[in-house]
Each structure stands twice: as structure tokens, then as C-alpha cells.
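*Asks:* below are the sequence and a predicted model; questions follow.
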Amino acid sequence: MKLSENFSLKELTRSQTAIRKGIKNVPDNEQLVSLTVLATKILQPCRKQFGSISINSGLRVLELNRAIGSGDKSQHCKGEASDFEAYSTSNKKLAEWVEAYLEFDQLILEYPGPDPRDGWVHCSYKRDGSNRRQVLTAVKEGGKTVYKKGLKE
């Protein structure tokens with residue numbers, strides 16, 4: 001099933017953890033609508049700008065989200081968030097473009113490192129229009145994830 005011109009439901013629900021643990025990562029109707037809006041408003045414009053986009057994580061049903069150790073309030077559980085990368089540019093440049101040109105709820109440059117391909121971009125979109133435009137960078141400090149305001153190196 002196509003969610004947008006270049007993104008399928010399979011791409012946004014695929015999970016190796018779900019496969020290994022036998023978890024059915026299948027959206028309900030609300031999640032499906034949110035995934036379609038996310039693909040249209042965030043992923044498709046990135047694809048148009050940068051070419052091929054790799055989806056690291058999209059929908060995570062609650063059981064899957066818990067299996068990977070993420071919080072129950074994650075926007076991935078609602079179908080509102082995706083973690084992704086573009087093959088043609090660094091994750092920081094991808095995040096900077098999203099910040100400059102797209103409407104979004106939360107944009108996180110996750111775990112950037114010395115290699116421009118280190119980490120990934122997390123971006124969420126709320127279809128109800130209450131998007132906060134929150135911009136953060138996630139880094140490890142003392143073994144814990146810390147979120148810093150803005151896009152950092």
C-alpha cells in the first residue's frame with residue numbers, strides 16, 4: 001500500500017525487532033492516517049530534495065516500542081514520527097533543510113558523530129496542526145541520552 005508517491009506502508013512498519021520477537025507491527029486506522037500524513041508532509045519533500053531516503057524506524061506499536069526500550073508516549077506509537085537518512089547528504093544538512101523548509105512537530109538530530117553519516121534524523125508531524133517546531137540534538141553524556149536545543153555537531 002502506497003502512503004505517498006515514493007513511500008509504502010511496508011517501509012514505515014518494517015522492524016527487525018518485531019520480526020525477531022513475533023510482534024505484529026500493523027497500524028490501526030488512526031495510525032494509518034497519521035503515517036500517510038507523515039509520508040506526505042515530511043518524507044516525500046525530503047525525497048524530492050535529496051533523492052533516496054532510508055527509513056530506519058516508522059510506526060512502532062506499543063509492544064514493539066516497549067521491546068526496544070522506548071517510552072510509551074513516543075510519537076512512533078501514533079504513526080506520527082519517523083527516523084530516517086538521505087544517502088546524498090549528511091544527517092545534519094538533512095535536518096537543517098527540514099528545519100528551514102518544512103512544518104513539523106519535533107526534529108531531532110540523533111547521535112551525530114565525526115562521520116557525517118553518523119546518527120539519523122527523527123522528525124514528527126501532528127496532523128491536527130499543533131506542531132511545535134521543536135528542534136533538538138540527542139547526544140550521549142555519561143552513558144545517558146541528553147537533548148540539547150538546536151542542531152549541534
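*Replies:* Okay, I see it. Numbers count the residues shown, from 1 in each chain.

*Asks:* buried residues, stretch 44-60. List them.
*Replies:* By 16 or more other C-beta atoms under 10 Å, the buried positions in stretch 44-60 come out as Q44, C46, R47, Q49, F50, I53, I55, S57, G58, L59, R60. Any C-beta I mention is one placed from the backbone N, CA and C, and that applies to glycine too.

*Asks:* count of residues packed around the nearest residue to G150 once chain neighbours are set aside?
*Replies:* Among residues not flanking G150 along the chain, V135 sits closest, at 5.8 Å (C-beta to C-beta, 6 or more residues apart in numbering). Other residues lying near V135 total 18 when counted by other C-beta atoms under 10 Å.

*Asks:* mind checking the SS state of V135?
*Replies:* Classification of V135 using DSSP: H, G, I helix; E, B strand; the rest coil returns strand.

*Asks:* in the sheet, which residues pair with it? Tell me.
*Replies:* Following DSSP bridges, V135 is listed with bridge partners L107.

*Asks:* let me see the contact set for it.
*Replies:* A95, E99, L107, I108, K149, G150, L151 (C-beta atoms under 8 Å, 6 or more residues apart in numbering).

*Asks:* coming back round to it: what would the buried residues of stretch 44-60 look like in JSON lines with secondary structure and pLDDT?
*Replies:* Formatted as JSON lines, these follow (DSSP: H, G, I helix; E, B strand; the rest coil; pLDDT from 0 to 100):
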{"residue": "Q44", "secondary structure": "helix", "pLDDT": "98"}
{"residue": "C46", "secondary structure": "helix", "pLDDT": "98"}
{"residue": "R47", "secondary structure": "helix", "pLDDT": "98"}
{"residue": "Q49", "secondary structure": "helix", "pLDDT": "98"}
{"residue": "F50", "secondary structure": "helix", "pLDDT": "98"}
{"residue": "I53", "secondary structure": "strand", "pLDDT": "96"}
{"residue": "I55", "secondary structure": "strand", "pLDDT": "97"}
{"residue": "S57", "secondary structure": "strand", "pLDDT": "97"}
{"residue": "G58", "secondary structure": "coil", "pLDDT": "98"}
{"residue": "L59", "secondary structure": "coil", "pLDDT": "98"}
{"residue": "R60", "secondary structure": "coil", "pLDDT": "98"}
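
*Asks:* good, we can wrap up now.
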